[in-house]
Each structure stands twice: as structure tokens, then as C-alpha cells.
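Chemist: The following comprises the amino acid sequence and a computationally predicted model.
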Amino acid sequence: MAERIHTTDTTCPYCGVGCGVSVNGAGDSVTGMANHPANQGRLCVKGAALHETLDHHNRLLYPEVNGAVVDWDSALDEVTRRLRDTVAEYGPDSVACYGSGQLLTEDYYVANKLMKGFVGSAHMDTNSRLCMASAVAGYKRAFGGDSVPGCYEDLDSAELLVLVGSNAAWTHPVLYQRMVAAKKARPDTRVVVIDPRRTATCDLADLHLPLRPGADGLLFNGLLAWLGRHGHLDRDYIREHTRGFEDALARAEADSGSLASLAQRCDLPEEDIETFFNWFAGRPRTVTFYSQGINQSATGTDKCNTIINCHLATGRVGKTGASPFSITGQPNAMGGREVGGLANQLAAHMDFAPEDVDRVKRFWNAANMVSEPGLKAVELFQAVASGRIKFIWILSTNPVVSLPEADRVRDALRRCPTVVVSECMADTDTVRLADIKLPARTWGEKNGTVTNSERCISRQRPFLEAPGEARSDWWALAQVGRRLGYAEAFGWRHPAQVFAEHAALSGFENDGRRAFDISGLATLDQAGYDAMAPVRWPVNRQWPQGRRRLFGDGRFTTDDGRARFVAVTARLPEGRPGPGEMIMNTGRIRDQWHTMTRTGKARRLLQHIGEPFVALHPEDARRHRIGDGQLANVENRHGAIVMRARVTTDQRPGELFVPMHWSSPFSARARMGALVQATTDPLSGQPESKVSRVRVAPC
Ligand code: SF4
């Protein structure tokens, strides 16, 4: 490739903030894009180190079948043969695809079309199930669609920021920087952090509520009841724009009881709860910012709705500085949802209602359109274990590390007749189990779009030659579609064509009840696609320049245009710890991303925290005779891990924290997913990753 002299504007591949990044011509410096709405020039340390992760060490460079290097044609022929043979012998229900919030929207779109429209299997799910599925289900119940009402500017103008289950200082650092700046500019802004752990985010907090793990829904039910008792409801808004309020309020009152009882059950000081409630009542511009501490729960959907209920009851949805605001973990979790990357969705935010199935079928001219939802991530891998799924294509993710009961997932893949893995790295826990390995392009080589937490669609642009024979995932998927005999349906030559089709489907027979409508981008040609500026959906005839906020006018995408309160009885996590057991929480650290395949390459990112650890309270350390810095064994009936102990009062007694990042190539026994039980939310299918019962002992 000729040496570039111009910078390339692209998007950071890590978290759901979706920062714009400018890469210089030499490819040895990255800076934040000043004109990107997500970050306005800011970057965190991971984004600033992106250029240090571009080497080709440990890259998967060539296709392999059963350990032998082959050319692409041979590999794709083999994928197609096995896929076709499996469907012929066992039916389409025996094949599955598992994607990732790391995929670009174009990759996701093609995978979904291939599986749900032409192979005839709805078992197309994604690791976004581990991240955002509860937030999605909560929005759909309340607003009638998977639509985030607010935008990042709301963080600048809020009078009250409530962070629930979010360590934004480490997980969404650029948004945290924005909150710090907002608080500095307007010191009267109040910040409440609701989290069992004292995290770095608490440095900004006026009030930290270190509640009992899993009690968030109870606390927000208590807030709704308290707002009702003290006359802080927006009765006009409730009457004109919502349904179901009285039921939700009655349930919240019955659930939460007196303030003293609520405080006792949440394990919080009564006066601190009252302070939070008073601040909420008196500050109309409130953003409740929530993330995995809410979503990764067996009651995650209900928790989301208890938060949304409080915002609806006070008329704080889609207004300047006032919204419930879920923050996605991954760079393209929302883009995946837009194309139907979840097994219980079709493309363009359509579900499995017969009219939606028919609409998508006609648009695609689909040969084998599915009509029922498929298996969600945890049950999908259980179906691999049971032998029901006999062919699985895994793209851009590492489920042997990240899924609950990860050792079972590993054993299931070992037994699965065909495991195809599309991956940029040659050695991950999942790649090791692949029968067919397909070398994928990665950041800097890929060309497509992503959607961040505020609905902003941004381009990821290539600025590097792909090494070896790495190819785009959308291309490999389309090649299989063509080999199955669907040349016209999979005939794209460029990702711009895939994007245009996706955009056209979003507007196809859309009467306005699907907020996701980017039909205004459907006519972009390749040059327009290459030049596309970041834009927040919808982008259509009514909103040609995109839209910052949704639902501020009180009209929602339900059948009657009214939002729904959801009556919730909050449940604490089941199964109290037995004698000698502790509760294990999991999460991210500041300088690493997912299973470290990229961030693990940058030496400076290992300087913050260089090895896996288990954080525990001094009382627990004493009881279990574990010294600070000593190796500790953490185990339960599902597996065992070894980590170095960090003794800290940031943990509540009886509770541990372990980071999610380490996998076999970096540390032999640190896959925390091995200890997480495969308990899921019945509505969203999202696993309970924050409250696993474990035992800890010195090594
Ligand atoms: Fe922005 Fe997140 Fe990338 Fe940091 S990791 S630069 S916050 S997108």
C-alpha cells in the first residue's frame, strides 16, 4: 500500500462510548476527533494506545481446515459442505451462529440474513446477550422499542447524575471525563453512585450507596413509592403519556415498605437513602446512567424497568438533561441489535410477529425464512452440549472465556461435530477448538459502521493492509450464501452496498412505529459511505440530519403511543451463600478490553494492573488466612481459578471482585467465566454474572 499522507478518521473499537479517533499518516499516533459528538477530542488510555496494538504478532493469517492451511476457496467450500450436510441430515435447527458486539454492522447484517433468511435457523445470537439484553427488554416493555431516549449532551446539563451498576471511570472513561467536567463547571450538580463496591467512579460521588448486591430494583421501587407518598409525581405527564401507573405504584409500595425497612433490606443507612430520594425529587434534570451491574442479573429486565418507572413518573424521558440512559459495553452492541443480531429479533428492530416475519421475508426474498425466535446465548451453548446443535460458526468472540460455566462451554465445543471460528488472532481459548479457522480482518483493516450508546452511527475506516489472507467477516459469510445457491441475495461487492440494503430495510413499510429508521442513508453510494459523518438515528425524511433525543414529546412507539409502567416485585438474588461461601462479582479494569487479545499487546496498558487479582475485604482475608499479594484459589462446583489477592476496604465483607479479562494465553487459570453459574433472566436471557457463590482459600 502506498504510504498515506493524510489522517484517517475512524472509531475506537473498544467500549460503547464509540469515540472518534484520528490516525496519522504514519499510523504511529492516534488522537481524539474533535468534531465527533461522542468524545469531542477526548480519548481514554486504551484509545490513546491503539497504535501500539497494530503488530501482526499472533495473528491468524491463513484459513485452516482440521489444522492444515488451505486457500479460501477450499475453506469456504468446506464450511458450505458441512453446513449443507448438517441441515440435510438434522434440519436447520441443528446449526447456529454466535456473533459479537465487536463485529461491524455490515458483518452482523450478513450473518443475520444468512441464518434467518436462507439457512432457516433462528439460532443467531451474540455476546451482546451478556451485555445489553436486559436493557433492550426493559426499553421494549416501557417504550415499545429498543430505543435509548437520551444522548451524551444530557450528561453536561443534568442536575443529578445517578450511576447504577457502573464503574464509568474505568469502563466508559470518556463519559466519566465528561461528567467530571460537568461537575466542575456546575458544582451544584449532584452525583450518586449506587454500587456494592467503592470504585474509582466514587471519587466523583457526592453520595455512594454501597447496597446489598442485587438490591437495585428494590431501591428504585422504594424511590417510586417515596415520590408518590411525598407528592413528587408529574401527574399530568402520567395521565397524558403513560399507562399502568397505579399498578406499578401499588406494587412498589407493597414491595418497598417503610424507609427503615427498605434501608435494612438494601443494607444502607436510612438517611443516605432519604438524601438520594430528596435529590431525585428536587432535580428535574436527572440522568440515570446504568450498565452491567443492572443488566447482568437474573432480574435485570425488571431492574431496568424500576429505573424507567421513576423517570416516567416524573416526566423525565427524552428531555434535555433528563433520561434513563443504558450504556452499552461493546463498540457495536447497538448496531448488532439494529440488524437483528439477537436470536429473539429480526432485522431493523422487527420481532417475530407474523407481519414482521412476512415483511422481512418479502424484502429479502428469503428462501427459508424463520418464523420463531431462536436460542439465546446460554441456552444455545447448552444445546451444543446436548448435541442438538451440530454446527456452530463463532465470529469475533471468545465464549470459552466469557460465557457462564465456561468449562462446560469448552467441553461442549470439543464434542461439537463442526466448529467454525472467524477470528483475527491465532491463539484464543475458542480458536483452539475450531475445526475450521477463518482469518478475519481487525481494527485498522475493517471497513464498515458501528453504533454507540447514544444511537450514533460512525464509520470504522481502514488504514492498513490486512496481513496474510485475512478477509472481512461480511465477505466470508456472503461467500457461503452464494455457495448455498443464493448469488443474488449475497451479491454485494462492497460494504457500502450491505449498509445501503440494511438502511433500506429499516424504512421498508415503516409507519413510524419502528424508531430505528435510517432510510435517509439508503441511497448513499460508495463515496457517500466513505465520507459519512457520525449521525444519531433516526435518519429519514423527517429527521434528515438525525435526532439527539427520542420521546421528548411524550409520544412512544407502542401501539397507542403511550409509555408503559411495569409493575415489579423486586427479587434479591437467589441462594444465599452457605457457610464458608462468598459472593463473587465480576467486571472490567481500566486499561484492558475483553479477553485482552488487543490491549494485552500494549506494554503501557499492563502497567496499571498487570495480572489477574481477587479483591476482598480485610475481615475476609483474615478469616481465610490470605495475605495481601498472596495467591488465592477461588472455586465452586463449576470450576476454579487462581489469582493474587488484593485486600481492600473497597469491598463489602463477604464479597469478592475478580476482573473478566484474563484467558489461557495470558494466565493459565484465570477464566472467571468458569465460576459463573448459568442462571439467566427469564425475559432477556442475560446471565447473572455478578453474584456467584464461591469459596476462597490461600494457594
Ligand atoms: Fe472512547 Fe471507550 Fe475507546 Fe476509551 S475505550 S477511547 S472511552 S471508545
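Modeler: That came through, no problem.

Chemist: Give me every residue in the protein lying close to the ligand.
Modeler: 12, 14-15, 17-19, 39, 43-44, 46-47, 172-174 (CB under 6 Å from any ligand atom). Just so you know, the C-beta spots here come from the backbone N, C-alpha and C atoms, and that holds for glycine as well.

Chemist: Checking my notes, Cys97 in a strand, right?
Modeler: Yes. Assessed with DSSP: H, G, I helix; E, B strand; the rest coil, Cys97 lies in a strand.

Chemist: thought it was touching Met124?
Modeler: Yes. Assessed by CB atoms under 8 Å, Cys97 is found in contact with Met124 at 4.6 Å.

Chemist: okay, and the common contacts of those two?
Modeler: By CB atoms under 8 Å, 6 or more residues apart in numbering, Cys97 and Met124 have these common neighbours: Ala111, Met115.

Chemist: how does the chain divide into domains?
Modeler: 8-53, 64-131+332-497, 133-327, 582-698 (automatic domain parsing).

Chemist: Centre of the chain to stretch 146-157, how far?
Modeler: Offset of stretch 146-157 from its chain centre (CA atoms, centre = their mean, to the nearest Å): 17 Å.

Chemist: Pull out the buried positions in that stretch.
Modeler: Asp146, Ser147, Val148, Pro149, Gly150, Cys151, Tyr152, Asp154, Leu155, Asp156 (16 or more other CB atoms under 10 Å).

Chemist: One more: stretch 183-191?
Modeler: The neighbour-count check on stretch 183-191 (16+ other CB under 10 Å) flags Lys183, Thr189, Arg190, Val191 as buried.

Chemist: same question, stretch 589-605
Modeler: Of all the residues in stretch 589-605, those buried under the rule 16+ other CB under 10 Å are 589-602, 605.

Chemist: Now do the contacts for Arg186.
Modeler: Glu159.

Chemist: okay, now Glu581: neighbour count?
Modeler: By other CB atoms under 10 Å, 16 other residues sit near Glu581.

Chemist: Once you drop chain neighbours, what's closest to it?
Modeler: With CB to CB, 6 or more residues apart in numbering as the criterion, Glu581 has its nearest non-adjacent residue at 4.8 Å, and that residue is Arg693.

Chemist: Find the least confident helix or strand in the chain, judged by mean pLDDT.
Modeler: Between all helices and strands in the chain, the lowest mean by mean pLDDT, DSSP states H and E belongs to helix 333-338, at a mean of 86.

Chemist: That one packs against which elements?
Modeler: Contact partners of helix 333-338 among helices and strands, from 3 or more CB pairs under 8 Å, 6 or more residues apart in numbering; DSSP states H and E: helix 105-113, strand 448-451.

Chemist: where does the chain have low pLDDT?
Modeler: Along the chain, the parts satisfying pLDDT under 70 run over 1-5, 668.

Chemist: mind checking how far the residue in the chain that the ligand sits nearest to is from Gln102?
Modeler: Using CB to the nearest ligand atom, the single residue of the chain nearest to the ligand is Gly47, 2.4 Å away. To Gln102, Gly47 is 15 Å away according to CB to CB, to the nearest Å.

Chemist: what does Ile436 give?
Modeler: Counting by CB to CB - Ile436 and Gln102 are separated by 20 Å.

Chemist: Tell me which of those two has more neighbours.
Modeler: Between Ile436 and Gln102, counting by other CB under 10 Å, Gln102 is the more crowded of the two (31 against 20).

Chemist: Unless I'm misreading it, that one sits right up against Ser396, doesn't it?
Modeler: Yes. Judged on CB under 8 Å, Gln102 makes contact with Ser396 at a distance of 4.5 Å.

Chemist: Strands along the stretch 51-200 of the chain, start to end?
Modeler: Secondary structure of the stretch 51-200 of the chain (DSSP state E, counting those that start in this stretch): strands located at 64-65, 68-69, 95-99, 124-126, 160-164, 190-194.

Chemist: out of those, nearest to Phe391?
Modeler: Among the strands of the stretch 51-200 of the chain, the nearest to Phe391 by CB to CB is strand 95-99 (4.3 Å).

Chemist: would you list every one of the strands in the stretch 251-400 of the chain?
Modeler: Using DSSP E, counting those that start in this stretch, the strands of the stretch 251-400 of the chain run over 286-290, 323-326, 391-395.

Chemist: and the residue nearest to Glu611 when sequence neighbours are not counted, how many neighbours?
Modeler: Sequence neighbours aside, Arg644 is the residue nearest to Glu611 in space, at 6.0 Å (criterion: CB to CB, 6+ apart). By the criterion of other CB under 10 Å, Arg644 has 16 neighbours.

Chemist: now do Asn112
Modeler: Asn112 has 27 neighbours, counted by other CB under 10 Å.

Chemist: ok, now which ones touch it?
Modeler: Contact analysis of Asn112 by CB under 8 Å, 6+ apart lists Met124, Val339, Gly340, Gly341, Ala347.

Chemist: ok, so of these, who is nearest Ile457?
Modeler: Nearest to Ile457 among the contacts of Asn112 is Val339, at 11.9 Å by CB to CB.

Chemist: which residues touch the spatially closest residue to Val87 that is not a sequence neighbour?
Modeler: Among residues not flanking Val87 along the chain, Val95 sits closest, at 6.1 Å (CB to CB, 6+ apart). Taking CB under 8 Å, 6+ apart, we find Val95 in contact with Leu83, Thr86, Val87, Met115, Val119, Ser121, His123, Ile389, Lys390, Phe391, Ile392.
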